[in-house]
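> Give me a 3D structure for the following:
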Amino acid sequence: MATKKPKQNKPKVLVALTSQRYIFSRTAFSLIKAALDHADYEFDFYMELGCEIASARNRTVHTARERNCTHVLFVDYDMYFPPSAISKLLAEDKDIIGAAYNRRDEDLKSTAVPVGMTAAPHPRELPTEPFKCECLGAGLLLIKTSVFDKFPGPWFMFGYQSDGTLSYGEDTYFCQRAIKEAGFDVWADPTLHVKHIGEQLF
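Purely as a prediction, here's the structure:
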């Protein structure tokens, strides 16, 4: 008589929408579709409104811990993605992995900077399979909650030059600390069909 395999606990993902005031209708549609189509994980939704994205992301981490979530999925207000994107990110089973989506710019550049590069390349220059990167935009970024135990917060901060101009974003800050202080790899997946919503789809 065959023995039954023990049930595997599904990952619990805090799908966290970070927004200043509003979200695009396409982003809302993506989230609704994901909420209805998630057989392989537990969907827990959270919205963090605020004028400062780094603070919103840090507060989201605390919420994920309070809710005993295994993962945090950061979703920005201007992302358009299929429900399968979340399942694919989970299936990779990486500590930190996100979508390699494009910046909102006529001169197309990726938000992912592959290891060995010093600047964001054109999407055509990216690998065609998931790859390690120096930094990655957090518009659709999946992180195991345990990652935040390995180095102290705040995990997201902006960097400024001496004249007050922005030097780096909160997502770059997180990636660099995760890599340099805690020894994590940051992965980007270019196959997820994620779009960055602007005046057009970049």
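> Sheet-wise, list the partners of the helix or strand bottoming out on mean pLDDT in the chain with their directions.
In the chain, no helix or strand scores lower on mean pLDDT, DSSP states H and E than strand 166-168, which sits at a mean of 84. Strand 166-168 has these partner strands in its sheet, going by DSSP bridges: strand 159-160 (antiparallel).
> Excluding sequence neighbours, find me the nearest residue to the residue nearest in space to the middle of the chain.
Residue closest to the mean C-alpha point of the chain, counted by CA atoms, centre = their mean, is Leu141 at 0.9 Å. In this structure, Leu141 finds its nearest non-sequential neighbour in Gly98, 3.6 Å apart by CB to CB, 6 or more residues apart in numbering. Placement of C-beta: from N, CA and C, glycine included.
> what comes into contact with the host helix or strand of Leu141?
Here Leu141, judged by DSSP states H and E, is contained in strand 140-144. Contact partners of strand 140-144, identified using CB atoms under 8 Å, 6 or more residues apart in numbering, comprise 13, 70-76, 79, 81, 85-86, 89-90, 94-99, 101, 171, 192, 194.
> low-confidence ranges in this protein?
1-8, 200-202 (pLDDT under 70).
> Which helix runs longest in it?
helix 53-66 (DSSP state H).
> Next, the angle from that helix to strand 140-144.
Put simply, helix 53-66 runs at 40 degrees to strand 140-144, going by axes from the mean of the first three to the mean of the last three CA atoms, to 10 degrees.
> which residues touch helix 53-66?
Counting by CB under 8 Å, 6+ apart, 14, 16, 18, 20, 46, 48-50, 71-72, 74, 138, 145, 148, 153-158, 170, 173-174 sit against helix 53-66.
> show me what contacts the nearest residue to Lys33 once chain neighbours are set aside?
In this structure, Lys33 finds its nearest non-sequential neighbour in Pro83, 4.7 Å apart by CB to CB, 6+ apart. Neighbour list for Pro83: 30, 33-34, 36-38 [criterion: CB under 8 Å, 6+ apart].
> Show the buried residues in those residues.
Buried members of the contacts of Pro83, scored by 16 or more other CB atoms under 10 Å, are 30, 34, 38.
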